[in-house]
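Colleague: Predicted model follows, preceded by the sequence.
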Amino acid sequence: MEQSEINFAKEVFVALLHAYAAYDEFEKAKQVVQDQRIPVKWLIEIKRMLVSSLASHGKLSEALVLLEEIKKAGQTLNPRAVLCLMDVLCSHGELERGLLLRTGLSGEDWVEGCEMVMQYSVQYKNLSSTIEMFKQLKDHFESDDAFKRGILFGGSRTRMYRLCAEAFYLIFKHGSTHLQFGLDLLDLIKKEVVGLVPSSECLNYLLSVCAKSRDLNKANLVWKEYALAGYPYGEDCYWRMYHALLASGEHKSADSLLVNKIPSSYSGLSSDLKHSYRHSYVKKNDVPVFEFELASYSWFAPLNSMKTRKA
């Protein structure tokens, strides 16, 4: 290009950066940033791109060093790059460092950053961080006029219920290792996040985990929460509780649920549950082993909350 006297446009350096990053040639990518032919007005933008590439490929320490250089120059990362870096930090369990980066965000980017930290807080069973995100998001939505009027995402109330359901869905996905965390989170939300009552969907997820964990004591605790919150017992609840009883070996209690507890308005549910019973046990050395996967049923529609983030 020099021999042909072609000017080095910004796009040339950006293309080189992406090409090296695509083949994990990060040393060469860093050399692009050090090229003396890059005008100062382009340098920060190209460095921002390199931070995103380094972070997304797991080169966290190098990305943070470059980020400090950008800060010293009085500049900031663009929101996508910040979110990308937060994602990598949080995925490594560094929630506090991820939160520090969030201070450079605003509006919907700030909200996305909070949601991200909340999701990883659930993954790492960090109760205090999860509750703090709920509190901050609730305060943010309630102070935003657009959310209060219901213009954005159905309003603050709808958004908080959705986020709460996502948190408990993640607990369901992690299974028995997160059961106690889920119960503790439910208790703390009721005590500390004023005005937010976890929906019946959240309780459904918890009851599912109890069934999969064969923990009848905790299943009974969750069962009582429906009544405490004023939620009616729906078909989903009975299905989950029936399986929790079977999984715990309480066959008589399971039969009693079918005969005495399920309302007549749920026609066909009892026969469906009995059919499930016949197909839920297999014999292994004459010991009945409970086998079922709640997500396979048509009425169970989990949320897909985790987003793919690109800088």
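Modeller: Good, I have the coordinates.

Colleague: need the helices for the stretch 1-150 of the chain, in chain order.
Modeller: Ranges of helices in the stretch 1-150 of the chain, per DSSP state H, counting those that start in this stretch, are 10-22, 26-33, 40-56, 60-72, 79-91, 95-102, 107-123, 127-143, 145-148.

Colleague: Could I get the pLDDT score of residue 288?
Modeller: With respect to pLDDT, residue 288 scores 40.

Colleague: ok, how many other residues are close to residue 122?
Modeller: Residue 122 has 25 neighbours, counted by other Cβ atoms under 10 Å. (Glycine included, C-beta is placed from N, CA and C.)

Colleague: Likewise for residue 175?
Modeller: Around residue 175 sit 12 other residues, with neighbours defined as other Cβ under 10 Å.

Colleague: That one touches residue 212, doesn't it?
Modeller: Yes - in terms of Cβ atoms under 8 Å, residue 175 counts as a neighbour of residue 212; the distance is 6.0 Å.

Colleague: still on that earlier bit, could I get the helices of the stretch 1-150 of the chain in CSV, plus columns for mean pLDDT and distance to residue 180?
Modeller: Listed next are the helices of the stretch 1-150 of the chain as CSV, based on pLDDT from 0 to 100; distance: least, Cβ to Cβ, whole Å:
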stretch, mean pLDDT, distance to residue 180
helix 10-22, 79, 42
helix 26-33, 80, 41
helix 40-56, 80, 33
helix 60-72, 83, 31
helix 79-91, 90, 22
helix 95-102, 90, 20
helix 107-123, 94, 13
helix 127-143, 92, 10
helix 145-148, 54, 33
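
Colleague: what would those helices look like in TSV with distance to residue 219?
Modeller: Shown next, in TSV, are these (distance: least, Cβ to Cβ, whole Å):
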stretch	distance to residue 219
helix 10-22	49
helix 26-33	50
helix 40-56	41
helix 60-72	41
helix 79-91	31
helix 95-102	30
helix 107-123	21
helix 127-143	21
helix 145-148	36
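
Colleague: Please work out which of these is packed deepest.
Modeller: Stretch with highest mean neighbour count among the helices of the stretch 1-150 of the chain: helix 79-91 (a mean of 23; mean count of other Cβ atoms under 10 Å).

Colleague: who touches it?
Modeller: Contacting residues not belonging to helix 79-91 are listed as 48-49, 51-52, 55-56, 58, 60, 63-64, 67, 77, 95, 97-98, 101-102, 104-105, 109, 112-113, 116-117, 120, 309-311 [Cβ atoms under 8 Å, 6 or more residues apart in numbering].
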